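Engineer: Return atomic coordinates for the entry below.
(2 chains)
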Amino acid sequence: MPALPLDDAGPYVAGAYLVFFALILTYVGIMARKLGKIERELIELNELAAKGERAAEAVRA
Amino acid sequence: MFGRGLTALSLFTALTLTTAFALVFFYAPNDADQGFIQKIFYVHVPMAIVALIGFVIGGWYGLKYLRKGDRADDLRSYVAIHLSLILGVGVLITGSIWAKAAWGHWWVWDEPTLVSFLIVFLLFACYQPLRFSIDDHERQARYAAVFAVVGGAFVPLNFMAVRLAESFVHPRLGTTGDSMPGSMRLTFLIAIIGMAALYATLWRYELASKNATFQLRALRRRLGGDEDSLPRRSAAPQVLS
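Structural biologist: Numbers count the residues shown, from 1 in each chain, chains lettered A, B, ... in the order given. The predicted structure follows:
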């Protein structure tokens, strides 16, 4: 097949590169959601540890 | 510690990929035969090469797990295959876009390169359902490692079989590379380095993320709030040791 002219080839090339960027961004988005979950769990654990410390202080007092 | 050196690796990846894409559109000439559409190859081929190598890396770590029993190797194998599957989706879509522009069809079933990649992709697409189907973590890791080793060994064999095939409809890098101008070759080389660096970065990133989850789970157990921290049934490895 003869080479496509630039006007016709452009959307195909742009489409291919957009697919690549979309894949990477989707992956980063999913990882960001997981990071948010880790952050929430850390906050929860921090509160749990603080509660334990307060209980220990109350016992000492 | 999986996250060590991740900042430097991320910066290297950003630099090489940006350079590669700048070279693709501002430096490398249009292909004399295919014209502008050949620019797709600078993202499609590096993705395909890195995805296939990723499957082999998954097999290598599967082998290491079988030999030493280190759960970190199971995790490394799982993440390597997971990332290769993501890149594999990109390879199939970008390849189809190129095929539509160059051949007028989204897919050609009698072309060995396309079909063989699809077979490898579908083979590894079974990896995660296999893991998910096994409840016991030890057995899951062992069976998955065997699968990864066999699949990983299949990749180079498949590659050689396709190279030996008669059809030359799909452009071959090794055979057409000799006539490739220096500017195209350099651009292609940097695109491959960038894609490999991206794979390595995301691999380390996901390993660090999973390790952080494991550490959190262990911490929750130590603090006594362990109702939700027990490993759930999942395709991903749930414990590191």
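Engineer: what residue lies at the spatial centre of chain B?
Structural biologist: B:Ser84 (2.2 Å; Cα atoms, centre = their mean).
Engineer: And what about that one, helix, strand or coil?
Structural biologist: Following DSSP: H, G, I helix; E, B strand; the rest coil, B:Ser84 is assigned to helix.
Engineer: Which parts of chain B are helices?
Structural biologist: Under the criterion DSSP state H, helices of chain B are mapped to B:6-26, B:41-68, B:71-103, B:112-125, B:127-132, B:137-164, B:173-176, B:182-223.
Engineer: For A:Ala58, find the nearest of the ones you listed.
Structural biologist: For A:Ala58, the closest of those is helix B:182-223, at 17.3 Å, according to Cβ to Cβ. Every residue, glycine included, has its C-beta placed from N, CA and C.
Engineer: could you check whether that closest one is close to chain A?
Structural biologist: Yes. Using Cβ under 8 Å from any Cβ of the partner chain, helix B:182-223 reaches chain A at B:198, B:202, B:205-206, B:209, B:212-213, B:216, B:219-220, B:223.
Engineer: what about B:Arg131, distance to B:Val150?
Structural biologist: Distance of B:Arg131 to B:Val150, computed by Cβ to Cβ, to the nearest Å: 15 Å.
Engineer: between the two, who's got more neighbours?
Structural biologist: B:Arg131 (22 against 12; other Cβ atoms under 10 Å in any protein chain shown).
Engineer: what's that one in contact with, if anything?
Structural biologist: B:78, B:140, B:143-144, B:234-236 (Cβ atoms under 8 Å, 6 or more residues apart in numbering or on different chains).
Engineer: Find the least confident helix or strand in chain B, judged by mean pLDDT.
Structural biologist: Lowest by mean pLDDT, DSSP states H and E among the helices and strands of chain B is helix B:173-176, with a mean of 55.
Engineer: pLDDT below threshold where in chain A?
Structural biologist: Scanning chain A for pLDDT under 70 picks out the ranges A:1-6.
Engineer: which bits of it sit near chain B?
Structural biologist: Taking Cβ under 8 Å from any Cβ, the part of chain A that reaches chain B is made up of A:1, A:3-6, A:8-10, A:12-13, A:15-17, A:19-20, A:23-24, A:27, A:31, A:34-35, A:38, A:41-42, A:44-45, A:48-49, A:52.
Engineer: Pull out the buried members of those residues.
Structural biologist: A:3-4, A:9, A:12-13, A:15-17, A:19-20, A:23-24, A:27, A:41, A:45 (16 or more other Cβ atoms under 10 Å in any protein chain shown).
Engineer: Pick out whichever of these sits closest to B:Ala51.
Structural biologist: For these, the closest approach to B:Ala51 (Cβ to Cβ) belongs to A:Leu23, at 11.4 Å.
Engineer: Now for that closest one: which residues touch it?
Structural biologist: Applying Cβ under 8 Å, 6+ apart to A:Leu23 gives the contacts B:86-87, B:89-90.
Engineer: can you tell me which of these lies nearest to chain A?
Structural biologist: B:Gly90 (4.9 Å; Cβ to the nearest Cβ).
Engineer: Could you give the number of residues near that closest one?
Structural biologist: B:Gly90: 22 surrounding residues under other Cβ under 10 Å.
Engineer: so what's B:Leu83 up against?
Structural biologist: The contact partners of B:Leu83, taken as Cβ under 8 Å, 6+ apart, are B:54, B:199, B:202-203, B:206.
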